[in-house]
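Student: Coordinates only, no sequence provided:
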């Protein structure tokens, strides 16, 4: 047994010696912030075509390909990576058969700074200022709203023009309701920290529930024609199977310079996801294919038009009226809902 351990120590020593001998190159310049679709430039010191046989690299343990031999390596801008943090490993192979490994970390951000959108105020409508708005969504001309707070959470059908609540479901006092979305004949409502969501029919009968999986909490919901999107208060947006409501994937949301946390209410608007960022009086517009924040919309001016009272809280609630082509936005305990028309720049994608 002692001889076996001596052998292991000998192997370790040889490994250290070889490792020291193989450090023939080092990174001179390595950008830790990369941008989606852009090619990062990495410069190595003492790397010449005569000294190095080949350079290959892999990101997060997956081989991505070879890199050009020389002092400067330009990696491909599109490698199918999620936005966010990654590990990259470079493997240098020398003519004598030896190798050297260099490991680094980088964060992938959006490819371009967000476009600043503007809007036109179309109309103002009354809103229950005791409604702690969490989710807001139109189905045709019918407005559905979910409200939060323990002991006050509800699911509502609302006449948006008068603000009158047409139908109401009150949750148990132990439930803090969050965002909602309408999928065919079902209304899906999240809870904040109860680790599950509820399924209702159009008559507000509770017909089912589903557990959360890897997502931490429930914040916002929206959907396109194929899947449901769910936020959990982090930078992640989860993709749910609309039939089983299981989490099938996720993407991270990043702007050009920063990670976007506290993603809250979600709304699907003509191929983009509009979202409230908790504690911000603005909306972010997200590309669901990449997670990039492509645009922002400052709505701080609307706060001048709402009634100030002790329970007044932050902007939250986005509903897109497809036929009118307008957004309806409100906030927690706001006395108004605002109908706005987004003014897109000519080159908007």
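Tutor: Great, that's in hand. Because the structure is predicted, anything quoted here is derived from the model rather than measured. Numbering: from 1, shown residues only.
Student: check contacts around the residue positioned nearest the centre of the chain.
Tutor: Computing the C-alpha centroid of the chain and ranking residues by Cα atoms, centre = their mean puts residue 253 first, at 3.4 Å. Going by Cβ atoms under 8 Å, 6 or more residues apart in numbering, residue 253 touches 83, 235-237, 259-260, 263, 275, 284, 286, 291-293. (Each C-beta comes from the backbone N, C-alpha and C, glycine too.)
Student: So which of those sit within strands?
Tutor: Judged by DSSP state E, the subset of the contacts of residue 253 located in strands is 236, 237, 263, 275, 284, 286, 293.
Student: looking at the sheet around the closest residue in space to the third one that isn't next to it in sequence, what are its partners?
Tutor: Distances taken as Cβ to Cβ, 6 or more residues apart in numbering place residue 231 nearest to residue 263, at 4.3 Å, with adjacent residues excluded. Assessed by DSSP bridges, residue 231 has beta-bridge partners residue 220, residue 237.
Student: okay, the residue nearest to the residue nearest to the centre of the chain when sequence neighbours are not counted: pLDDT?
Tutor: Nearest residue to residue 253 in three dimensions, chain neighbours excluded: residue 260, at 4.4 Å (Cβ to Cβ, 6+ apart). Looking at residue 260, its pLDDT reads 96.
Student: helix, strand or coil for residue 304?
Tutor: State at residue 304, reduced to three classes by DSSP: H, G, I helix; E, B strand; the rest coil: helix.
Student: same question, the one 3 residues further on
Tutor: Reduced to three states with three-state DSSP, the structure at residue 307 is coil.
Student: I figured it was touching residue 129, is that so?
Tutor: Yes. At 6.4 Å, residue 307 counts as touching residue 129 under the criterion of Cβ atoms under 8 Å.
Student: list residues touching both of those two?
Tutor: In contact with both residue 307 and residue 129: residue 335, using Cβ under 8 Å, 6+ apart.
Student: When these two are compared, which one has more neighbours?
Tutor: It is residue 129, of residue 307 and residue 129, that has more neighbours when counted by other Cβ atoms under 10 Å, with 19 against 10.
Student: Am I right that the more buried one is in a helix?
Tutor: No. Using three-state DSSP, the secondary structure at residue 129 is coil, not a helix.
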